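Student: Predicted coordinates and the sequence they were generated for:
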Amino acid sequence: MLKRAARLAAPAAAAAATTAGVVSMTSSNGDDRQQQQQVRGVALCDDKKDESVLSMLGDIQARLSALQQTIGTSTSPTTATYQNDAAISTGSSSTKPGIDVVLGSQWGDEGKGKLVDMLSQTYDVCARVAGGSNAGHTIVVDGKKYKFHLLPSGILNEKAICVIGNGVVIHLPSFLNEIDGLKQSGIDSEGRILLSDRAHIVFDFHQQVDGVQENKLGRNKIGTTKKGIGPAYASKISRNGIRIGDLKNFDFFEMRFRELAEATMNSYPGLEIDIDGQLAYYKSIAERVGAMTTDTIEYTNDAYDSGKRILIEGANATMLDIDFGTYPYVTSSNPSIGSVLTGLGVSPRKISGIYGTTKAYCTRVGEGPFPTELDRDAGIGEHLGVVGAEWGTTTGRARRVGWLDIPQMRYSTLINGFTALNLTKLDVLTGLAEVKIGRAYKHNGKILNTMPSCLKTMSEIEVIYETLPGWTEDISQARNFDDLPVNAQRYVLRVQELLGVPVRWIGCGANRLDMIDRGEGWDMSKLEAEGDSSASE
């Protein structure tokens with residue numbers, strides 16, 4: 001019963017921190033009619049103290065204990081301390097063993113790496129489980145930018161072991177260049193990187209094939225990064241792919257490589273592969289790669305069993321998932337919660353916190369549906385693009401921008417089961433007179449209750465917007481929720497209420513420390529763990 005109370009505590013906390021207010025509801029079809037509606041949940045933060053989920057759970061537990069005593073089922077009472085935001089220090093985190101996961105909840109580029117960098121300081125193992133060098137995470141430390149593509153951002157923690165799991169596809173030249181680049185920047189990763197012997201290799205000809213396939217699509221192009229990710233996964237699924245562990249037996253590797261290269265050239269007339277040159281390169285790096293290669297399934301599970309804390313850094317995002325995303329404008333892997341199990345080889349029972357990262361607005365790189373999209377070159381769209389520095393880490397392409405999309409976020413929350421949210425780049429909204437939230441989708445006059453799978457339906461969606469007042473105050477120095485301007489608080493609380501998931505982290509600027517951590521009172525996984533502990537006493 002306590003576990004159920006914990007699950008209900010998040011939306012309850014959001015509702016408790018808000019009162020009835022007036023918002024403007026507008027549809028995306030340009031209709032000038034605005035209905036002033038009394039919408040429960042627009043925060044009036046001036047007078048009401050923001051309460052944590054733990055404080056709400058404390059009230060629930062007290063009432064439950066009284067009820068148990070009344071009906072004669074009470075055991076000896078347990079005591080617990082519940083804190084509000086002000087009582088929880090920034091950066092507080094549990095040191096209990098387990099696997100926590102940071103995932104992208106939109107179309108990627110949400111700022112996952114920054115949270116991973118912050119959290120990883122208290123974790124023993126940081127891991128990647130899906131995708132390849134098409135991912136891009138940027139961390140700013142003391143004004144210096146670090147860009148990651150294959151390595152987990154946790155590599156900046158000199159005590160952490162970084163694991164690249166079996167679900168990742170690895171372009172070894174890029175991978176080794178990334179390691180060498182970090183070393184030149186003063187980051188020594190020697191002995192701290194483990195490659196799964198089951199991870200598949202992305203070859204140069206996979207990247208060539210990626211470009212050929214994209215060019216053939218013409219105006220129907222997907223918008224791929226041309227990093228060879230899709231063709232490498234295609235080789236894997238076709239069962240003629242080559243894995244990292246194969247390099248340990250080079251004669252076997254050579255035989256497989258020649259077969260795969262010949263088959264690829266036969267499939268793509270005109271494509272030329274320097275087979276001998278490629279084999280010479282891989283022979284030259286085999287020893288270096290072999291020193292990092294291990295059975296990461298055994299390593300990760302042993303680490304868990306020995307009480308180590310493990311952090312998973314998701315790549316890409318849920319709306320780019322090959323199954324759940326806006327297909328076919330997606331990546332070739334599953335960058336949602338399921339990839340942790342299949343891409344690392346762990347049981348779902350070992351997963352604890354699942355942290356969804358979302359921008360305070362929305363962006364997308366490449367082609368495909370984007371319901372709340374704004375004009376990137378004018379007005380608010382230009383503000384979001386320029387102030388938010390919205391250019392891709394991997395491709396350098398300008399990202400498309402738009403308002404926060406609640407139906408999309410609810411869909412992502414449903415799939416992943418987020419226990420807390422990391423709301424990034426709130427500072428980018430500073431200076432806007434009004435901020436909008438995409439509140440609902442309408443199609444043919446009816447409100448939709450889920451994300452459409454059909455692209456045609458997606459193209460016909462009308463977005464119903466909710467408008468909240470903006471703010472002009474600089475928030476880059478905010479380190480507690482109460483430091484935020486009232487209207488910024490209202491925005492955060494409204495997002496929290498609409499999604500039914502607590503917002504624990506709030507990004508206030510580009511630098512490493514420009515973040516508010518509201519503490520474990522805003523993480524449902526910690527509440528469930530505490531509930532389990534109380535129930536067992």
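Tutor: Happy to help now that I have it.
Student: quick one: what helix or strand has residue 205 in it?
Tutor: Per DSSP states H and E, residue 205 falls inside helix 204-217.
Student: Distance of the nearest residue in space to residue 333 that is not next to it in sequence relative to residue 456?
Tutor: Nearest in space to residue 333, with sequence neighbours left out and distances taken as Cβ to Cβ, 6 or more residues apart in numbering, is residue 130 at 4.3 Å. C-betas here are computed from N, CA, C, even on glycine. Taking Cβ to Cβ, to the nearest Å as the measure, residue 130 falls 29 Å from residue 456.
Student: same deal with residue 205?
Tutor: For residue 205, the distance to residue 456 equals 35 Å [Cβ to Cβ].
Student: Same check on residue 520?
Tutor: Using Cβ to Cβ, we find residue 520 at a distance of 44 Å from residue 456.
Student: Pick out whichever of the two has more residues nearby.
Tutor: It is residue 520, of residue 520 and residue 456, that has more neighbours when counted by other Cβ atoms under 10 Å, with 22 against 7.
Student: burial of the residue lying closest to that one once chain neighbours are set aside, as a residue count?
Tutor: Nearest non-adjacent residue to residue 520, counting by Cβ to Cβ, 6+ apart: residue 526, 4.4 Å away. Neighbours of residue 526 under the rule other Cβ under 10 Å: 23.
Student: Equivalent analysis for residue 295, please.
Tutor: Here the count is done by other Cβ under 10 Å, and residue 295 has 16 residues near it.
Student: picking that back up, output the contacting helices and strands for the helix holding residue 205.
Tutor: The contact analysis (3 or more Cβ pairs under 8 Å, 6 or more residues apart in numbering; DSSP states H and E) places helix 204-217 against helix 229-237, helix 250-267.
Student: I'd like those written out as CSV, with mean pLDDT, mean neighbour count and distance to residue 187 added.
Tutor: Formatted as CSV, these follow (pLDDT from 0 to 100; neighbours: other Cβ atoms under 10 Å; distance: least, Cβ to Cβ, whole Å):
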stretch, mean pLDDT, mean neighbour count, distance to residue 187
helix 229-237, 94, 22, 25
helix 250-267, 96, 15, 30
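Student: Distance to residue 514 added to those helices, as a markdown table?
Tutor: A markdown table is the format used below for these (distance: least, Cβ to Cβ, whole Å):
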| stretch | distance to residue 514 |
| --- | --- |
| helix 229-237 | 31 |
| helix 250-267 | 46 |
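Student: Which among those helices is found nearest to residue 306?
Tutor: Each of these has some distance to residue 306 by Cβ to Cβ; the shortest is helix 229-237, at 31.0 Å.
Student: ok, residue 255 - contacts?
Tutor: With Cβ atoms under 8 Å, 6 or more residues apart in numbering as the criterion, no residue contacts residue 255.
Student: Could you do residue 243 as well?
Tutor: Residue 243 is in contact with 197-201, counting by Cβ under 8 Å, 6+ apart.
Student: out of the residues you listed, which one sits closest to residue 342?
Tutor: Among the contacts of residue 243, residue 198 lies closest to residue 342 (Cβ to Cβ), at 11.0 Å.
Student: a strand runs through that closest one, doesn't it?
Tutor: No - per DSSP: H, G, I helix; E, B strand; the rest coil, residue 198 lies outside any strand segment and is coil.
Student: OK, contacts around it?
Tutor: Taking Cβ under 8 Å, 6+ apart as the contact definition, residue 198 lies against 166, 243-245, 296-297.
Student: Mind putting those into JSON lines with pLDDT, distance to residue 356 and secondary structure?
Tutor: Shown next, in JSON lines, are the contacts of residue 198 (pLDDT from 0 to 100; distance: Cβ to Cβ, whole Å; DSSP: H, G, I helix; E, B strand; the rest coil):
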{"residue": "166", "pLDDT": "98", "distance to residue 356": "24", "secondary structure": "coil"}
{"residue": "243", "pLDDT": "98", "distance to residue 356": "31", "secondary structure": "strand"}
{"residue": "244", "pLDDT": "98", "distance to residue 356": "30", "secondary structure": "helix"}
{"residue": "245", "pLDDT": "97", "distance to residue 356": "33", "secondary structure": "helix"}
{"residue": "296", "pLDDT": "98", "distance to residue 356": "25", "secondary structure": "helix"}
{"residue": "297", "pLDDT": "98", "distance to residue 356": "26", "secondary structure": "helix"}
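Student: Make JSON lines from the residues you listed and add distance to residue 313 to it.
Tutor: Putting the contacts of residue 198 into JSON lines (distance: Cβ to Cβ, whole Å) gives the following:
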{"residue": "166", "distance to residue 313": "15"}
{"residue": "243", "distance to residue 313": "22"}
{"residue": "244", "distance to residue 313": "19"}
{"residue": "245", "distance to residue 313": "23"}
{"residue": "296", "distance to residue 313": "14"}
{"residue": "297", "distance to residue 313": "18"}
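Student: any idea which of those residues is closest to residue 141?
Tutor: For the contacts of residue 198, the minimum distance to residue 141 (Cβ to Cβ) is 27.0 Å, reached by residue 296.
Student: Report how many residues lie close to the closest one.
Tutor: Residues near residue 296, counting by other Cβ under 10 Å, number 27.
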